[in-house]
Each structure stands twice: as C-alpha cells, then as structure tokens.
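Chemist: Build the 3D model from these lines:
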Amino acid sequence: MTVKRITAAVAGGILVGLAGAAVASNFTASRQSDFFAPGKHQFYVWCAGSSDYVATASGRNAEDAQMRLYNANKAHGRATCWPVWQSRVPA
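Modeler: This is a model prediction of the structure:
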C-alpha cells in the first residue's frame, strides 16, 4: 500500500513540476517577443549624478527605441543617462 502512495506522490510531483515549467516558459517567451516587437517601449532611465526617471520611446524593437531615447537625452545635454528596458507598452 505504501509503495502505491509513494509512486502516486512522485507522479503527482512530476506533473506539478512540468505544469509550473510550462507556465514559466510561457512568461519568458512573451517577454522575449515583447523585446523584439515594434511599438512603444518603457524604460527606466538611470542617470549618474542626477535624478532617475521613467520614459517611453517608439522603435522597431526595444534596442532601436533605447538608442532613440539615449540620443534624445544626449541632444538635451544628459549624456550621463542610460535607459534600461522595462517592458513594451500597449498602444
């Protein structure tokens, strides 16, 4: 009787673990696709020696939007600020 219970418990644990892994990979895949998707992206702008802030920028992907925001900051005299990608913002 105990062998059956142990086997059932192990099988249940494996099923729960597989379900959790499937859900976690779905979140990861969604975040990765957001990074490469075109549109508006949100950034936390870290500034050395001044206040940090949150900003959005549009681009072909997150990297393009990040460089556009960085170049805009640089043009306004904030060359010590660097945008760090947070997420894609729904349009």
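Chemist: which sections of this protein are below the confidence cut-off?
Modeler: Flagging of the chain using pLDDT under 70 yields the residue ranges 1, 8-31.
Chemist: Tell me where it has strands.
Modeler: Along the chain, counting by DSSP state E, strands occupy 39-47, 53-59, 81-89.
Chemist: Tell me which of these lies nearest to Ile6.
Modeler: Nearest to Ile6 among those is strand 81-89 (43.8 Å), distances taken as Cβ to Cβ. Heads up, the C-betas are built off the backbone N, CA and C, glycines and all.
Chemist: Neighbouring strands - and their directions - for that closest one?
Modeler: If you go by DSSP bridges, strand 81-89 pairs up with strand 39-47 (antiparallel).
Chemist: So which residues make contact with the partner strand?
Modeler: Defining contact as Cβ atoms under 8 Å, 6 or more residues apart in numbering, one finds that strand 39-47 is touched by 52-59, 62, 65-66, 69, 73, 78, 80-89, 91.
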